[in-house]
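1. pasting the sequence and the predicted model now:
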Amino acid sequence: NAEPLMVFLFFFLAAFIVVNAMALIGGLGTYAERKISADLQMRMGPNRVGPYGLIQFLADGVKFIMKEGIIPKSADKFLFTLAPTLCLVGVLGSLTVVPYSSGFILSDLDIGLFFLIGISSLVGLGIFLGGYASNSKWAMLGGMRAAAQIISYEIPVVISGLSCVLLAGGLSFTTLIEAQTGFPHGWFIFHNPFTFIGFFVFFVGGLAETNRAPFDLPEAEAELVSGYQTEYSGMMYAMFWLGEYANILLMCALGSILFLGGWLSPLDIFPFTMVPDPLWLIIKILFLFVLFALVKAIVPRYRYDQLMRLGWK
């Protein structure tokens, strides 16, 4: 029977397209972030590799591939190697339920939001394992910080997301988006004052979930060398780095779907209706990504006790 083979090939091709598109968007996102930070701090930013430094992220990727991956003698070799893989698997597994348009979603689960929350928690496990397996005090401190931080900020992120689930009447991402027709009153961010506040709670929680400034305590360079990544090098280090940026894009996609109407056009008139559905989602993701980059460039890092107090309050 050729049908299972055809289904497998279809999913393989779709997953290949999604992973490569996310890798490209993530790479260009790192470039955009460095340029935004440079502009705010009156520097040049990447400007050597390619026109305006556009292919700097490719040069970085090639450099990581060519570097030797060193495993410390006293490290737990299996867990040390497994940790960055878990980070990447957690993010890529989450992409299976993200709807890119009304006709392109790898798996439209009825419990889409729960599935995404569950599988993306592998990222936190990978970060903690990386810190534990390194057998280094700096890495262990970074891993413990990350574990406490991700557990703390998962709660406000999930609760603000569940407010949208109550309005839509379902956990499926397609249901969540189809409940948000019209603009400006139709999107959940403008539905009522509580969801408006909920969006900002989600955004702040998203910063902490993805270990971004001002909550980048697990890899605080000034005090922990490089936190949980201290002992990593080569492609394993790059996998942490890729997982982090893919996780940021995932949080931006989740914010777009829950609060900003996902793939829906802001106005149901020409020329807005001519823009393809996936492009609207990408525009919204990039808008939130720019906010992430601006926060990193502007806001100073929190002290760890302040971070935990804010999360639980």
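-> Arrived safely, thanks for sending. Keep in mind the model is a prediction, meaning the values are calculated, not measured.

2. how many neighbouring residues does V91 have?
-> V91 is flanked by 25 other residues according to other CB atoms under 10 Å. Where you see a C-beta, it was placed from the backbone N, CA and C, and this is true even at glycine.

3. grab the nearest non-local neighbour of L113.
-> What sits nearest to L113 in space, not counting adjacent residues and going by CB to CB, 6 or more residues apart in numbering, is L171, at 4.7 Å.

4. could you check how far that neighbour is from V165?
-> For L171, the distance to V165 equals 6 Å [CB to CB, to the nearest Å].

5. hang on, the earlier thing: and the residue nearest to L113, what does it touch?
-> With contact taken as CB atoms under 8 Å, 6 or more residues apart in numbering, L171 is in contact with 110-114, 165.

6. coming back round to it: okay, and the common contacts of L171 and V165?
-> Overlap of the contact sets of L171 and V165 (by CB under 8 Å, 6+ apart) consists of L113.

7. does G170 sit in a helix, a strand or a coil?
-> Secondary structure for G170, judged by DSSP: H, G, I helix; E, B strand; the rest coil, is coil.

8. was I right about it contacting D110?
-> Yes - applying CB atoms under 8 Å, one finds G170 in contact with D110, separated by 7.3 Å.

9. ok, and I119, which helix or strand is that part of?
-> If you go by DSSP states H and E, I119 is part of helix 112-133.

10. who are the packing partners of that helix?
-> helix 77-94, helix 137-168, helix 173-178, helix 234-259 (3 or more CB pairs under 8 Å, 6 or more residues apart in numbering; DSSP states H and E).

11. and the residue nearest to V158 when sequence neighbours are not counted, what does it touch?
-> Leaving out its chain neighbours, the residue that sits closest to V158 by CB to CB, 6+ apart is I117, at 6.0 Å. Residues near I117 by CB under 8 Å, 6+ apart: 154, 158, 161.

12. what stretches of the stretch 51-200 of the chain score poorly on pLDDT?
-> Within the stretch 51-200 of the chain, the stretches with pLDDT under 70 are 182, 184.

13. list the buried residues in the one helix or strand F196 maps to.
-> With secondary structure defined by DSSP H and E, F196 is part of helix 193-209. For helix 193-209, the neighbour count (16 or more other CB atoms under 10 Å) marks 195, 198-199, 201-209 as buried.

14. cool, and stretch 85-93?
-> For stretch 85-93, by 16+ other CB under 10 Å, it's 86-93.

15. my read: L294 touches I36, true?
-> Yes - judged on CB under 8 Å, L294 makes contact with I36 at a distance of 6.5 Å.

16. compare the two (neighbour count), which wins?
-> Shown here are L294 and I36; by other CB under 10 Å, I36 has more neighbours (18 against 14).

17. in this structure the more buried one contacts V295, no?
-> No - the pair I36 / V295 is not scored as a contact, 10.5 Å apart, by CB under 8 Å.

18. which neighbours do the two share?
-> Common neighbours of I36 and V295 are not found (criterion: CB under 8 Å, 6+ apart).
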